[in-house]
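S.K.: here are the coordinates; sequence isn't available:
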Ligand SMILES: [Ca+2]
């Protein structure tokens with residue numbers, strides 16, 4: 001079969017010499033390849049990923065009932081995610097989506113944790129993108145998919161996971177040290193390009 005999807009969605013790459021794999025592509029494995037022409041060395045990072053069949057993570061059996069995500073708001077000096085372990089929430093509430101606005105007027109030395117479920121509209125491979133200033137982490141289905149730890153300016157990291165259609169538990173953790181602050185969560189998945197997660201896919 002042909003491999004017809006790349007991580008950046010630009011390449012269409014027939015690879016006729018690969019061993020046969022099932023037609024249902026639901027997961028990404030670690031194989032990456034680079035292209036080179038005879039006599040010309042490939043430059044830059046390889047950017048082709050092979051998708052092969054894997055069992056997507058089953059959806060949660062318990063269906064959430066409330067719109068949005070539950071959040072906890074912390075105040076204190078946090079330079080890395082582990083520092084949050086010593087803090088207790090100053091305030092809790094519900095947010096339509098991950099949003100720094102729940103911190104209110106405070107502009108530095110605070111942290112947030114959002115918890116709830118995200119709904120995968122179809123079974124397949126999802127790529128999540130987490131951008132933050134300063135540190136952040138995105139966990140889904142009980143695993144840390146993206147860890148963007150430490151004090152830093154805006155930087156975006158991504159992670160890939162195969163999900164079954166339905167609700168999956170998520171946790172987004174964030175902290176702001178000083179200066180500029182930012183938090184963004186996006187995804188792309190079966191049949192749709194990179195985009196922000198709408199509030200309609202969150203419940204808790
Ligand atoms: Ca900052």
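M.R.: Everything's here; your move. What you see is a predicted model; the values in this text were computed from it and never measured.

S.K.: residue contacts, the residue nearest the centre of the chain?
M.R.: Ranked by distance to the mean C-alpha position of the chain (CA atoms, centre = their mean), the top residue is residue 128 at 2.9 Å. By CB atoms under 8 Å, 6 or more residues apart in numbering, the contact set of residue 128 is 138, 140, 145-146, 158-161, 185-187. For glycine as for every other residue, the C-beta is placed from the backbone atoms N, C-alpha and C.

S.K.: how does this protein divide into domains?
M.R.: Listed domain ranges for the chain are 1-54, 69-203 (source: automatic domain parsing).

S.K.: deepest of those, which one?
M.R.: Among the domains of the chain, the stretch with the highest mean neighbour count (mean count of other CB atoms under 10 Å) is domain 69-203, at a mean of 18.

S.K.: that domain: end-to-end distance?
M.R.: 6 Å (CA to CA, to the nearest Å).

S.K.: thinking again about what came up before, make a markdown table out of the contacts of residue 128 and add distance to residue 65 and secondary structure.
M.R.: As requested, the contacts of residue 128 are exported to a markdown table (distance: CB to CB, whole Å; DSSP: H, G, I helix; E, B strand; the rest coil):
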| residue | distance to residue 65 | secondary structure |
| --- | --- | --- |
| 138 | 23 | strand |
| 140 | 20 | strand |
| 145 | 25 | strand |
| 146 | 27 | strand |
| 158 | 30 | strand |
| 159 | 28 | strand |
| 160 | 29 | strand |
| 161 | 24 | strand |
| 185 | 22 | strand |
| 186 | 26 | strand |
| 187 | 23 | strand |
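
S.K.: is stretch 151-159 in proximity to the ion?
M.R.: No - residues of stretch 151-159 contacting the ion under CB under 5 Å from the ion: none, with a closest distance of 6.9 Å.
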